[in-house]
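*Asks:* Next comes the sequence, and after it the predicted model I'd like to discuss.
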Amino acid sequence: MEFQRGNSSINQRLNTTSPVVYFTATFPYAMLIVLLIRGVTLPGAYLGIQFYLYPDLGRLSDPQ
């Protein structure tokens, strides 16, 4: 009898915490997507992405 009461208490806790788990698992990904869209739409973003993807390899031979 005591085992059933303890088991139902655990089930109730699991059912109430599941929305919190869903939120904390998906919220960071949603924020990353929002920030990515925001960053890509800023002025000069294309130049920054181009600078990142196509580095100037001639600068590696420059000692300074």
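*Replies:* Sure, I can see it.
*Asks:* Could you list the low-pLDDT ranges of this protein?
*Replies:* 1-17 (pLDDT under 70).
*Asks:* got the residue ranges for the helices in it?
*Replies:* Secondary structure of the chain (DSSP state H): helices at 2-40, 45-53.
*Asks:* Can you report how many residues neighbour residue 50?
*Replies:* Residue 50 has 9 neighbours, counted by other CB atoms under 10 Å. For the C-beta atoms, the positions are set from N, CA and C on the backbone; glycine is no exception.
*Asks:* whoops, residue 55 was the one
*Replies:* Neighbours of residue 55 (other CB under 10 Å): 9.
*Asks:* Same check on residue 53?
*Replies:* So residue 53, with other CB under 10 Å, has 7 neighbours.
*Asks:* change the start of the numbering to 26 and stick with it
*Replies:* In the new numbering, first residue 26, that becomes residue 78.
*Asks:* Any idea how far stretch 58-70 is from the middle of the chain?
*Replies:* 15 Å (CA atoms, centre = their mean, to the nearest Å).
*Asks:* Next, work out how far apart the nearest residue to residue 70 once chain neighbours are set aside and residue 58 are.
*Replies:* Closest residue to residue 70 apart from its sequence neighbours, by CB to CB, 6 or more residues apart in numbering: residue 64 at 6.2 Å. Distance, residue 64 to residue 58, by CB to CB, to the nearest Å: 11 Å.
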